[in-house]
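1. this one's sequence-less:
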C-alpha cells in the first residue's frame, strides 16, 4: 500500500501464497516506499534480511527469481494505477475480489467493506451499495467481515480487463506458476 500524509492508503499490489514481500532485500540494502500488511490470516514464513541476502548473493537462480518477481510486482502496480484511473468502482471491486480469492486459494474473502473501500480508494458507502448489487445478481454473498464469491464466471464478466491482464499474462509467464 501507499500511505498518504493524511493516513489514507490505497492498494498498489497484492501478494498471496504465490509470492513474498521484501524479496528485493536479497539484492542488498533497499529502501521501501510502500507498506505491506497481512490482512488475511494464514501460514507465513520469515527469513532474516541478512541471511536472505547472504543466500541470494551465493545463488544466481535465486537472484533471477527476485528480479523476475520484482518486475511482476512493478507491472502489477502499473496495471492497478491504470485500473484506478480508467475503471469504475464496480469493475475494480470485481477485479480485486477475484485477485484476492486467487491469492488466498479460497472463494471466501475474510475482509470488511471498510477495508475494501480503503484498498479501492472508494467510500465505504459506495462499496456497500456495490456489494448489495453484486449479491442481488448472485455473484457474491456477504455478511459482516466475509465475502464469498458465489459465481466466479459472472464476477469475471463484470470485472475490468485488468484482472485478466494480471492473471493470465503476467504472473504465470513470469514466475512459471498457474494460479
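-> Cool, the structure landed. Keep in mind that this is a model prediction, so the values were computed, not measured. Numbering: from 1, shown residues only.
2. list the buried residues in the longest helix along the chain.
-> Ranked by residue count under DSSP state H, the longest helix found in the chain is helix 60-86. Of the residues in helix 60-86, 62, 65-66, 69-70, 72-73, 75-76, 79-80, 83-84 count as buried by neighbour count, 16 or more other Cβ atoms under 10 Å. The way it works is simple: take the backbone N, C-alpha and C, and place the C-beta from them, glycine included.
3. of those, closest to residue 134?
-> Distance to residue 134 across those (Cβ to Cβ) is lowest for residue 83, with 17.7 Å.
4. mind listing what that closest one touches?
-> Residues near residue 83 by Cβ atoms under 8 Å, 6 or more residues apart in numbering: 92, 95, 160, 162.
5. same list (these) but as TSV, adding distance to residue 118, pLDDT and neighbour count.
-> Formatted as TSV, the contacts of residue 83 follow (distance: Cβ to Cβ, whole Å; pLDDT from 0 to 100; neighbours: other Cβ atoms under 10 Å):
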residue	distance to residue 118	pLDDT	neighbour count
92	13	93	25
95	16	94	27
160	19	93	17
162	19	92	22
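6. just list the residues touching the residue nearest to residue 123 when sequence neighbours are not counted, thanks.
-> Distances taken as Cβ to Cβ, 6 or more residues apart in numbering place residue 117 nearest to residue 123, at 6.0 Å, with adjacent residues excluded. Residues in contact with residue 117 (Cβ under 8 Å, 6+ apart) are 123, 124, 126, 127.
7. what separation do you get for the closest residue in space to the second one that isn't next to it in sequence and residue 69?
-> Spelled out, it's residue 124. Using Cβ to Cβ, 6+ apart and skipping residues adjacent in sequence, the residue nearest residue 124 is residue 117, 4.3 Å away. Remark: distance between residue 117 and residue 69 (Cβ to Cβ, to the nearest Å) = 29 Å.
8. go on, residue 5?
-> Remark: distance between residue 5 and residue 69 (Cβ to Cβ) = 30 Å.
9. and residue 147, helix, strand or coil?
-> Following DSSP: H, G, I helix; E, B strand; the rest coil, we place residue 147 in the strand state.
10. off-centre distance for the host helix or strand of residue 98?
-> Element membership for residue 98 (DSSP states H and E) is helix 89-104. Taking the mean of its C-alpha atoms, helix 89-104 sits 8 Å from the chain's own mean (Cα atoms, centre = their mean, to the nearest Å).
11. and what of stretch 102-113?
-> Remark: stretch 102-113 is offset 11 Å from the chain centroid, using Cα atoms, centre = their mean.
12. with stretch 44-54 instead?
-> So, by Cα atoms, centre = their mean, the centroid of stretch 44-54 is 22 Å from its chain's centroid.
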